[in-house]
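Colleague: Output the structure for:
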Amino acid sequence: MSLASIALQCGIAAAGALTICGLRMPIARTMHLLDSPDTSRKFHARTTPLVGGLAVFPAIALACIEAVSEGASDEAVAVLYAVVFGFFLIGYADDRVQIRPSRRLLLTLALFAGLVLMTPDLMPPAFAFGGVALHLGAGTVALLAIVGASGALNAINMADGQNGLCPGMLLIWLGYLAATLDPPMAAAALIAGAALAVVLAFNMASLVFLGDVGAYGLGAFVIALMLCGAGSGAIDHGQIVALMTVPVVDCIWLMIERRRRGRSPFDPDRQHLHHILQHALGRFSLLAYLGVVGLGAVAAAQGGWACVAAILVQTGFVAAFRLYGVRMSDPEEEARA
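Modeller: Numbering: from 1, shown residues only. The predicted structure is shown next:
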């Protein structure tokens, strides 16, 4: 892998993202990707374009081309790109017309099934966790990958509710993958990360949001790279779990809470972990959330039982704030009561 070539591709990706973010309002108006504040859940100060995901999409195309040029299977990369493009379309449609959660879930399962089943390298015969390999067979591991990837993507989308949170989390994971995966996919992670870093800067300034197009599209790309790493043996399933523990545990906990309150698990509210952290820690909430996610990345770099320890610590962090943290008021729940 040529360092100069990768640096050039990263520069092009960042420049493309900067261009789209710079033209954010005309693009958002043309594509009807504007998010307006309301009195229930969206308290941002002004109408904001949902073009963060679009800004990274050209970089993902460039990343896939670079991965093939570095030796990745062109068929596998073509399937990966097609699936990620499908998720961008789902996110775009959801930003425009609000797809029902059940339909989004079915589409997510179908697309990840296509990715896994059409790419045999993503179906290793063993499920490896904490240095222990469980030989479950390729079919069972594939099923776990499809269901797990779908749940993780839903968790990523649900975490997209605070400036810097979802882009920062995805950037941490891309950095880990760039340092860990085989050269072709590591190059892809670097190129996508360069564009996402630009989007993160604009997002922190409240100038752009990722939107569902970004949460679904970029989230699917990152998860696909993780599955590629597990298939090639560069990382194991335990490392993937350590990376994604915080948003996934929060998602599962929140869905159970909603059911206990007699609501749909997919109903929106302001009871996510990042809302609780904002109430408890104020401006330090983002650092706390990303710091604990980063802990998972550090443990994943060590591998083995370090991942198990990190998963326990991260789960304890989520549980402590969800059990004892003061919740924000939720206008929708108050109106329902």
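
Colleague: Residue 224 contacts residue 118, correct?
Modeller: No - if you go by C-beta atoms under 8 Å, residue 224 and residue 118 don't touch, sitting 11.9 Å apart. No exception for glycine: its C-beta is placed from N, CA and C like everyone else's.

Colleague: Show me which of these two is the more surrounded one.
Modeller: residue 224 (27 against 15; other C-beta atoms under 10 Å).

Colleague: neighbouring contacts of stretch 308-325?
Modeller: Here stretch 308-325 makes contact (C-beta atoms under 8 Å, 6 or more residues apart in numbering) with 129-130, 238, 241-242, 245-246, 249-250, 253, 273, 276-277, 279-280, 292-293, 295-296, 298-300.

Colleague: In strands, which of these appear?
Modeller: Of these, the ones assigned to strands by DSSP state E are residue 129.

Colleague: If any of the contacts of stretch 308-325 are buried, put those into a PyMOL selection.
Modeller: Applying 16 or more other C-beta atoms under 10 Å to the contacts of stretch 308-325, the buried members can be selected in PyMOL as follows:
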select buried, resi 129+130+238+241+242+245+246+249+250+253+273+276+277+279+292+293+295+296+299+300
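
Colleague: looking at this structure, which helix or strand is least sure?
Modeller: helix 331-336 (a mean of 48; mean pLDDT, DSSP states H and E).

Colleague: can you pull out the helices in the stretch 101-250 of the chain?
Modeller: 101-117, 138-158, 165-180, 183-204, 211-232, 237-260 (DSSP state H, counting those that start in this stretch).

Colleague: relative orientation of the fourth one and helix 211-232 in degrees?
Modeller: Think helix 183-204. 160 degrees (axes from the mean of the first three to the mean of the last three C-alpha atoms, to 10 degrees).

Colleague: Helix 183-204 packs against which elements?
Modeller: Packed against helix 183-204 by the contact rule (3 or more C-beta pairs under 8 Å, 6 or more residues apart in numbering; DSSP states H and E) you find helix 3-22, helix 52-69, helix 165-180, helix 211-232.

Colleague: let's see it at 10 Å
Modeller: Packed against helix 183-204, as judged by 3 or more C-beta pairs under 10 Å, 6 or more residues apart in numbering; DSSP states H and E, are the following elements: helix 3-22, helix 52-69, helix 74-97, helix 165-180, helix 211-232.

Colleague: ditto for the last one
Modeller: Helices and strands touching helix 237-260, by 3+ C-beta pairs under 10 Å, 6+ apart, are strand 126-129, strand 132-135, helix 138-158, helix 165-180, helix 211-232, helix 273-281, helix 285-302, helix 305-324.

Colleague: go on, the third one?
Modeller: Judged by 3+ C-beta pairs under 10 Å, 6+ apart, the packing partners of helix 165-180 are helix 52-69, helix 138-158, helix 183-204, helix 211-232, helix 237-260, helix 273-281, helix 285-302.

Colleague: Comparing those helices, which comes out most buried?
Modeller: helix 211-232 (a mean of 27; mean count of other C-beta atoms under 10 Å).

Colleague: got any ranges where the stretch 101-250 of the chain has weak pLDDT?
Modeller: Within the stretch 101-250 of the chain, not a single segment meets pLDDT under 70.

Colleague: Hmm, residue 238 is touching residue 131, no?
Modeller: Yes - the pair residue 238 / residue 131 is scored as a contact, 7.6 Å apart, by C-beta atoms under 10 Å.

Colleague: Which residues are in contact with each of the two?
Modeller: Common contacts of residue 238 and residue 131, defined by C-beta atoms under 10 Å, 6 or more residues apart in numbering, comprise 303, 304, 305, 306, 307, 308.

Colleague: Select, out of the helices and strands packed on helix 237-260, the one closest to residue 82.
Modeller: Taking C-beta to C-beta, helix 211-232 is the member of the helices and strands packed on helix 237-260 nearest to residue 82, at 10.7 Å.

Colleague: among the helices and strands packed on helix 183-204, which is nearest residue 123?
Modeller: helix 211-232 (7.1 Å).

Colleague: for that closest one, packing partners?
Modeller: Partner elements for helix 211-232 (3+ C-beta pairs under 10 Å, 6+ apart): helix 52-69, helix 74-97, helix 101-117, helix 138-158, helix 165-180, helix 183-204, helix 237-260.

Colleague: want to try JSON lines for these, with distance to residue 10 as columns?
Modeller: Conversion of those to JSON lines gives the following (distance: least, C-beta to C-beta, whole Å):
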{"stretch": "helix 52-69", "distance to residue 10": "9"}
{"stretch": "helix 74-97", "distance to residue 10": "18"}
{"stretch": "helix 101-117", "distance to residue 10": "25"}
{"stretch": "helix 138-158", "distance to residue 10": "23"}
{"stretch": "helix 165-180", "distance to residue 10": "10"}
{"stretch": "helix 183-204", "distance to residue 10": "4"}
{"stretch": "helix 237-260", "distance to residue 10": "22"}
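
Colleague: Appreciated, that's everything.
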